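1. got a structure for you, letters missing:
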């Protein structure tokens, strides 16, 4: 785009401003395109063509042309290897002759758009350049010229700053916004813009009322420091690791001029290499190079015997140049260019580039000359552009190697531009002028796409500082001592979100197989974990209060949510609220909820535990009970998290790293794990002088995923060598208990804690001993974690959105020899980065015999992944997913996934195998016809074949029959659907059925007889009539069973008299008589129930 177009667009903006605009209203100009050339065709086009073009907006001829038309046009311009020039009429006739797409009027309009300079002729170069610009503009129109949408401007209320705010920045290690004012007041704000800490800095060089801070710069991680420049010609470096104190660690004094601006650069590949640069009132740019920044910035001289260490040091400058004749307004080191950029409000040296040269402290300089000088600048490495905000109301874009003329000139401001900053992810530029007008420019097209005015505080002459946090899309603008902020709304068209606001928590419910998510705005959603489908959504669960925590009971039937208003609500999965628990009369942040067998425990940013008894859950409003054992001085600092180890044991962890185990029956302290707790300083108070905790409330995001910590760590190699990093890493954010190790004894670890600086520690709760510790995420502020129920997997996540999985099944099962501390990390499975912001919640679930990771982040997304780092999907996406079944030998193989070998050898090979390797003989004898079968000759191919054999066979879909309803378009039959193909016929005629007799005449069958039978009384005979003897004869054959009658006949035959010898009768008579009597007795007992006639026959014999 030419300069003429930019100037014409800027002039149109000025004319709009002169027409009058209300200063009390928010004015947004969405100038996505400035095309003055669109007016050139209005005189040449007829009314019919204008009406035709107005019907289809944006349907230009250039868009409707195809590749064939472009070839014809190129042949039209080319003749005898030369390109011809066409006038307007010649161009129209030639386009009609070659048969290009379009009409005569459209060809004329196209000629006018190409001939912007009004030369009257066009050639192939002009045509090709015009088409390239058209297509480039079309491709980048959505992204490049996308107008940002902002939230309402918010003024951060604070009474700490009494004078002009000199700077604001984001400190990644502490996850805080850091603001410093002129009188030395410092405020720290959470990502939710809540005041977290405020203090006052001083220096011994001058009195407090004479103190004047000119600028500050934070040191990126792993350095946890900040440097402040004072008018007393000194630069103080403060340690940010301490929660209480704000100590001066180093002080650079006796500078030759007052430092005005600071900048710090840390080598991303080598944390020990760093540069501190500052500009002063004499126009000089000075720099110091650090070679061991993580260990110690400076080498201190030995302290005198019995004396105190002097923080003041004399240092030697790395490089220096005097390129400016007046005050240096801003300075910056550009690593890609290896130079120092600086600016001043002078014409001759508005912007100076100091080029570094080897082995010399002097620098070669390049000067940019801009009328009236420059107030601010910024550098965009991706486009290699320098943007300058001038006193002459202009924003210029420069190539660092071309000082004579700028690449682009952005006009539109009506006052001096005081602040500029690039948005690298969107290729846009922010500029803020002295008349409180904010403009957003598209860098590629060099046009203004948005103008914001009339929304800022209406004050007189002010000093302003602008800072845009590109990661969290927050824009800060200061007006003297006032700090304002507005957030850029997320673009829903380019990115998928689970919630409209930052997610506070997410959990998996095993009872209903659902995932429950809740955002900070109070929207709670339920999802199916197997498909990602949304089940239902509840909004405004805590009205206007911000959600801080969520958990569920042991049975998985109730949900507990907590908010910043100090209330806890109990829900079922139908969205019904059973109880409201009031933890505090005043608003309070509840960080963790622990449902127990007979109690409900709530903790968060206080030193005390709040308990709710089950006996109190009879009413809707429930109030806390007293903790029987007392809690005085049990925790020296605020409690952040808690965990139930057993029905009788509760663990609480505080900010200083101490873990306290409570007996829930007696509510007394049982044990303390304090080997990694912050030591208590003698004679020191808990709150230092000037320290005020204005607001202890922080959201769930700042407390967990985006870390509540106020410290950071150095690199892993310098943990033990740097004294200023000893206190970092105490804070505990999460506790996890390994259920499978509850009977491990006194040697192994059964409790895990994690928190500040990426530390993960393993504890033994029986002997209160630390078994092992390691750094899971180096150079981060804090981490959170989750452990599966079997104690096999550990998953950690940090504030950068990275997740790591570890195999801890055999880790720290027993104590090392000699009681040594295990500092080796467990086996790493995988690491992946599914989120763009800090992870606030982690949970593990078992589905299809797989372990899945549920992660929620401040980037408003909830993602489901496998333990190996494969992302299954994001809750809220249009396409539902299916969890693949478990494959034995593949899904349970956690070896060689994350190789940390220093030699770079592959896990399946060794150096000995490489030395003994010999090529195939066929490859040397017949190389042309030799082919390698990768499936059988390589380990990867063999392993892939084995995995495919283990997979289940998938059945291919069968062919679709030739049904009429599938081909109704060809046959002409109406699309009746699949039921039209079924063979149907009419139903048979059914004759009229006759009603049965009992239904037509029911009284004949049921009525009278039933009543008579029911009412007739049957008279029974008297009992005396049955006392008479029976006179009727009866038949024994029908009265007794057959076996009784047969037995009687046999007895009769046995008792009949038989013929015997007379000579033997006398000797046998007694025996037979005795035997007969014995037999008679036995038979009599057996026939005691036989008839009387039978018994008489037996006795008579």
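-> Everything's here; your move. Keep in mind it's a predicted model, so treat the numbers as computed, not measured.
2. only C-alpha atoms for contact and neighbour calcs from this point on.
-> Fine.
3. domain ranges for the chain?
-> 38-144, 159-299+309-428, 503-678+689-874 (automatic domain parsing).
4. JSON lines please, covering those and showing mean pLDDT and mean neighbour count.
-> JSON lines is the format used below for the domains of the chain (pLDDT from 0 to 100; neighbours: other CA atoms under 10 Å):
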{"stretch": "domain 38-144", "mean pLDDT": "72", "mean neighbour count": "14"}
{"stretch": "domain 159-299+309-428", "mean pLDDT": "88", "mean neighbour count": "20"}
{"stretch": "domain 503-678+689-874", "mean pLDDT": "85", "mean neighbour count": "20"}
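5. now distance to residue 1053 too, for those, in JSON lines please.
-> JSON lines is the format used below for the domains of the chain (distance: least, CA to CA, whole Å):
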{"stretch": "domain 38-144", "distance to residue 1053": "123"}
{"stretch": "domain 159-299+309-428", "distance to residue 1053": "117"}
{"stretch": "domain 503-678+689-874", "distance to residue 1053": "83"}
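6. nearest to residue 484, out of those?
-> Closest to residue 484 of those, according to CA to CA: domain 159-299+309-428, at 10.3 Å.
7. what's the span of that closest one, first residue to last?
-> 34 Å (CA to CA, to the nearest Å).
8. closest to the centroid, which residue in this structure?
-> Using CA atoms, centre = their mean, the residue of the chain that lies closest to the mean C-alpha position is residue 857, 2.1 Å off.
9. tell me the phi and psi of the residue lying closest to that residue once chain neighbours are set aside?
-> Spatial nearest neighbour of residue 857, chain neighbours left out: residue 839 (4.1 Å); criterion: CA to CA, 6 or more residues apart in numbering. Per-residue torsions, residue 839: phi -80, psi 130 (degrees, to the nearest 10).
10. please report how far residue 839 lies from residue 860.
-> 10 Å.
11. which neighbours do the two have in common?
-> The overlap between the contact sets of residue 839 and residue 860 (CA atoms under 8 Å, 6 or more residues apart in numbering) is empty.
12. let me see the ranges of the strands in the stretch 1-150 of the chain.
-> 27-28, 78-79, 82-83 (DSSP state E, counting those that start in this stretch).
13. partner strands of the last one, with direction?
-> Meaning strand 82-83. strand 78-79 (antiparallel) (DSSP bridges).
14. run the chain-centre distance for the partner strand.
-> Centroid separation for strand 78-79 versus its chain: 60 Å, with CA atoms, centre = their mean, to the nearest Å.
15. what does it contact?
-> Contacts of strand 78-79 (CA under 8 Å, 6+ apart): residue 84.
16. switch to 10 Å and redo it
-> Contacts of strand 78-79 from elsewhere in the structure, counted by CA atoms under 10 Å, 6 or more residues apart in numbering, are 72, 84-85, 123-124.
17. stretch 534-544 too?
-> Contacts of stretch 534-544 (CA under 10 Å, 6+ apart): 514-528, 546-547, 561-565, 567-569, 571, 573-577, 875-877, 880.
18. go with 7 Å
-> With CA atoms under 7 Å, 6 or more residues apart in numbering as the test, stretch 534-544 has contacts from 522-528, 563, 575.
19. repeat for stretch 65-72
-> By CA under 7 Å, 6+ apart, stretch 65-72 touches 98, 100-101.
20. ok, now how distant is residue 555 from residue 530?
-> In terms of CA to CA, residue 555 sits 21 Å off from residue 530.
21. and residue 109, by the same measure?
-> In terms of CA to CA, residue 109 sits 57 Å off from residue 530.
22. ok, now residue 737?
-> From residue 737 to residue 530 the distance is 27 Å (CA to CA).
23. swap in residue 396?
-> Where residue 530 is concerned, residue 396 sits at a distance of 54 Å (CA to CA).
24. likewise residue 218?
-> Distance from residue 218 to residue 530, by CA to CA: 45 Å.
25. same check, this time on residue 154
-> Counting by CA to CA - residue 154 and residue 530 are separated by 41 Å.
26. what does residue 628 give?
-> Here the criterion is CA to CA. By it, residue 628 lies 45 Å from residue 530.
27. repeat for residue 460
-> Distance from residue 460 to residue 530, by CA to CA: 60 Å.
28. which ones are touching residue 486?
-> Contacts of residue 486 by CA under 7 Å, 6+ apart are 150-154, 474-476.
29. filter the residues you listed down to the buried ones.
-> 153, 474-476 (16 or more other CA atoms under 10 Å).
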